[in-house]
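Participant: attaching a predicted model along with its sequence, questions to come.
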Amino acid sequence: MSGMAGLRSILAAAVLLAAAVFGALPAAAVTVTSVKSAGGIEAWLVEDHSLPLVAIRFSFGSGSALDPPEKEGLDYFASSLLDEGAGDLDSEAYKARLEALSIRLDFGADMDATSGSMRTLAANTDAAFDLLHLALTGPRFDPEAVERVRGEIVSDLQEAAQDPSTIGGRIFWRTAFPDHPYGRRTRGTLASLGRIEAADLRRFVTERFARDRLKIGVVGDVTPEKLKMLLDRTFGDLPASSAPGSVAETAPVDQGAFYLVKVPVPQSAVIFGERGLKRGDPDWYAATLLNEILGGSGLNSRLTAAVRDKRGLAYSVYSELDPMRHAGMIVGRVATRNDRVAEAIDLVRAEWQRMREEGPTEAELAAAKSYTIGSFAAGFDSTSRMASLLVSMQVENLGIDYMTRRSELLQKVTIEDVRRVARRLLDPQKLRVVVVGDPPSLPGAQELPPDGG
Amino acid sequence: MRALGPLSIAVLLAAASPAEAGQFNAQSFTLGNGLQVVVVESHRTPAVAQMVWYKAGAADEPPGKSGIAHFVEHLMFRGSKATPPGAFSRTVAQNGGRDNAFTTEDYTAYYQTVAADRLELVMRLEAERMHDLLITEEQVKTEREVIIEERRTRIDNVPSALLSEQIDAVLFLNSHYRLPTIGWQHEMRGLAADDARSFYQTWYAPNNAVVVISGDVSAERVRELAEKYYGPIPAKPVPEHLVLTEPPKVAGTRLEMTSPRAANPYWSRSYLAPTFIEQGGRPADVATVLAELLGGGESSRLYKRLILDKKLATAVGADYSAERNAGSFTIYAEPREGVDIATIEAAVTAEIAVYLRDGASAEEVGRVKRRLQEGAIYDRDSLMAPARIIGSSLASGRTLAEVEAWPDRIGTVTPEELLKLARDIIKDETAVTAVLLPEKRS
């Protein structure tokens, strides 16, 4: 494959699905290359020499769900400190190096993964990967940086404790998963954060950063040969396997709930949802189309039509699939004036019920297919977004030819499939609804204190 | 938190990260009706972005009608003579596209990303609503509730956003920039169909718009399509923008807001600053470098002194925000737990005073300029960024040549120019100092 053609041809294949609906687009070979280094480290690569940039994204196969219960927030805290000094460079020196070379480096944690993302000018590729190697293998966790970043996270947590939609999300997840890490918080609590020491952070790095569940995506101005060398230099001396630790398969509490948290704001934030499905579920593509019609962002979804367009009750209302590794959810949000919250929730429940009973129309399904297929390409127009997709494809076992197959997987979903999945997933009786705001009255809702009590 | 509301962010970005010299290699032509069309060819992905920019925003609103520019933006999705309500976005989506829009003080922009072979469709749709918008009482009634909910989400529910509105209202004494783009709620309630029609008819015209196309298409093809769809729309007289400039400030202002919903204290100080376009944009370029030097990210002076050395703050920064006819320069800090406002204010003031006394070395300024210039390379790594940067600059009164040459111009900013500009604008005795305090809970 010639480098220049890489990104373009993959996206051409993605757009091809649109062609199936609307007519001819030239077919193109989709090529993601699997590159394996001498040391056995694999990355998926899309060469693209049209700009002098290289993007890498990688993910370690465990996230904050493995944080010790007393030390909730450990993963997030440690990840936030990886660019705060490593090897001989203290925080200031390390960041000065990044800045001098215009390297963009970020680390992050969610429940299922600890991940990193870097973009560099091609001319600085070697130095950039060396700095990344240093961050992964020799982070310093100097007391100055640890306390400063702890202060930043505390400040964020305090901010979040005042934000209606964040309060709602916290209570939603805690009550849906009362006995599972998914009910906890990636960023931890003020109390748990206070218990995390430098020794915990060091142990986290040695136990969790390993080659066994590492997935890597690279896009841009780099050749496979060069990348092989970079992979060994960057990840080669990580331990072969991470410390044992597993997260149990789970499902949300299987009954409806309706909570109100009183907070003096002019607009109530509402979060609602119930059990969904995981990414590997055979019904995934039908569910994707179902959600697009019900509450997706692209079309005028049924929720948007009912709540926003017909009645002007909200600026934004949506639902989305939230596939985690050990459980799946379908979750939505709406924000509306306090005196009409009950009406907005009733409308959501009614749309949930209507979709469960009737499913979509043929026209709605066709439109959802066109959108979901056709909008895929433009979502991966940058090197970093494409690198991110390459990692997801590996984590979710979608196959290296996923981009050529995706349109077909969506196309072959029938209206019966979507009707069946609607009956499987949508049950207004089982909706968990959390309202944070100041509604004059909300019949049927159980009041909870802001901390979730 | 920033000195200007979320609706003004696009202008901020435009000032902060314009294009590398000549690297967009954009081509531009003007139709007979006065519509300017700019094409950035990029063949990395078989997709294309269209952005349509109207040189009309909140600054062009009549008195008492705050929010009408943004309201018209919403109504542009509620139907034209050829496209029924809701059909615009639905048609784009059914063709695999995404679309949205935003409004600022100086312009209103609409955009779509689609597969390259759908460009014709979205050009036809945009051309229709450029001259054929249908505004009905029924649509106005419902959509007005939507924008009021949007205001609640963005502003009324967010203490820092409420304070930000108050800052603008006292920083700008004369110009329309003192009013929120989204509108004051009591005025939004009174916005009527006739107000929307009048704003639309006054300002929406090909000769007051710029179309930017970025992506996998040739300039020749764009010209063909532009002639076909936009070409027939007649030009019409569009009024001059009412230019209200700021008088000298002679008094300082201190704003304090205590909110039970504020989590952490926040401090900021805002100054009037150069406009986006005065003196060919040179002062705006210098102010951009100054903000980066003092408070742009983790290598800036304020970050190093306030966060790393003195350990007084959890966040600190400087922002320069430029509009067509006004600008503001803001320094802000969030004190660390246990640090009071007086302490953080004194420390920030002292750090700025050091710079105002001594200036910065050529080496330090060089590093800051290079960071800005190299950032321009990253701006090319997407479909939308080039269209956004070019469109916002042209809609705010700059030329394409100026956009293309931005990195070169940044490279010529001298330490002496920086210091002179800083001494001109950073005058604490006439600044607006704002404090947000959490209400003590018992």
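Facilitator: Ah, there it is.

Participant: surely residue A:316 meets residue A:335?
Facilitator: Yes: if you go by CB atoms under 8 Å, residue A:316 and residue A:335 touch, sitting 6.6 Å apart. Bear in mind the C-beta positions are built from the backbone N, C-alpha and C, glycine included.

Participant: what about the residue in chain A that chain B sits nearest to, how many residues nearby?
Facilitator: Closest contact between chain A and chain B, by CB to the nearest CB, is at residue A:374 (1.3 Å). The number of residues packed near residue A:374 is 32, by other CB atoms under 10 Å in any protein chain shown.

Participant: which residue is the nearest non-sequential neighbour of it?
Facilitator: residue B:96 (1.3 Å; CB to CB, 6 or more residues apart in numbering or on different chains).

Participant: where do the strands of the stretch 251-400 of chain A begin and end?
Facilitator: A:257-262, A:267-275, A:317-323, A:328-337 (DSSP state E, counting those that start in this stretch).

Participant: in CSV, list these along with distance to chain B, mean neighbour count and mean pLDDT.
Facilitator: Converted to CSV, the strands of the stretch 251-400 of chain A look like this (distance: least, CB to the nearest CB, whole Å; neighbours: other CB atoms under 10 Å in any protein chain shown; pLDDT from 0 to 100):
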stretch, distance to chain B, mean neighbour count, mean pLDDT
strand A:257-262, 12, 19, 98
strand A:267-275, 4, 25, 98
strand A:317-323, 10, 21, 97
strand A:328-337, 5, 24, 98
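
Participant: which one of the ones you listed lies closest to residue A:367?
Facilitator: Closest to residue A:367 of these is strand A:317-323 (CB to CB; 16.7 Å).

Participant: for that closest one, name the packing helices and strands.
Facilitator: Under the contact criterion of 3 or more CB pairs under 8 Å, 6 or more residues apart in numbering or on different chains; DSSP states H and E, strand A:317-323 touches helix A:284-295, helix A:302-303, strand A:328-337.

Participant: 10 Å - rerun?
Facilitator: strand A:267-275, helix A:284-295, helix A:302-303, strand A:328-337, helix A:341-358 (3 or more CB pairs under 10 Å, 6 or more residues apart in numbering or on different chains; DSSP states H and E).

Participant: of all those, which one is nearest residue B:140?
Facilitator: Residue B:140 sits nearest to strand A:328-337 of all those, at 18.3 Å, using CB to CB.

Participant: next, the angle helix A:284-295 makes with that closest one.
Facilitator: When axes from the mean of the first three to the mean of the last three CA atoms, to 10 degrees is applied, the directions of strand A:328-337 and helix A:284-295 differ by 10 degrees.

Participant: surely residue A:140 and residue A:86 touch.
Facilitator: Yes: using CB atoms under 10 Å, residue A:140 is in contact with residue A:86, at 5.8 Å.

Participant: now residue A:65: how far from residue A:392?
Facilitator: Note on residue A:65: its distance to residue A:392, by CB to CB, to the nearest Å, is 18 Å.

Participant: so which of those two has more stuff around it?
Facilitator: Ranked by neighbour count (other CB under 10 Å), residue A:65 and residue A:392 place residue A:65 first, with 24 against 15.

Participant: quick check: closest non-adjacent residue to the more buried one.
Facilitator: residue A:181 is the one closest to residue A:65 (CB to CB, 6+ apart), at 3.9 Å.

Participant: now do residue A:419
Facilitator: Per CB to CB, 6+ apart, closest to residue A:419 is residue A:359, 3.4 Å.

Participant: please apply the same query to residue B:121.
Facilitator: In this structure, residue B:121 finds its nearest non-sequential neighbour in residue B:95, 5.8 Å apart by CB to CB, 6+ apart.

Participant: mind listing what the one you found touches?
Facilitator: Residues counted as contacts of residue B:95 (CB atoms under 10 Å, 6 or more residues apart in numbering or on different chains) are A:18, A:21-22, A:367, A:370-371, A:374-375, B:112, B:114-115, B:117-118, B:121-122, B:125.

Participant: please apply the same query to residue A:322.
Facilitator: Contacts of residue A:322 (CB under 10 Å, 6+ apart): A:173, A:273, A:276, A:277, A:328, A:329, A:330, A:331.

Participant: per-residue pLDDT, whichever residue of chain B sits closest to chain A?
Facilitator: Closest contact between chain B and chain A, by CB to the nearest CB, is at residue B:96 (1.3 Å). On pLDDT, residue B:96 comes in at 92.

Participant: one more: residue B:249?
Facilitator: You'll see residue B:249 listed with a pLDDT of 92.

Participant: just to be sure, it is in a strand?
Facilitator: No: per DSSP: H, G, I helix; E, B strand; the rest coil, residue B:249 lies outside any strand segment and is coil.

Participant: surely the residue of chain A closest to chain B touches residue B:116?
Facilitator: No: counting by CB under 10 Å, residue A:374 does not reach residue B:116; the two are 11.5 Å apart.

Participant: just the helices from the stretch 301-442 of chain B, written as ranges.
Facilitator: B:301-302, B:341-358, B:362-378, B:384-395, B:400-404, B:406-411, B:415-425 (DSSP state H, counting those that start in this stretch).

Participant: got CSV for these, with mean neighbour count and mean pLDDT too?
Facilitator: Converted to CSV, the helices of the stretch 301-442 of chain B look like this (neighbours: other CB atoms under 10 Å in any protein chain shown; pLDDT from 0 to 100):
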stretch, mean neighbour count, mean pLDDT
helix B:301-302, 22, 96
helix B:341-358, 16, 98
helix B:362-378, 18, 93
helix B:384-395, 25, 96
helix B:400-404, 18, 93
helix B:406-411, 19, 94
helix B:415-425, 17, 98
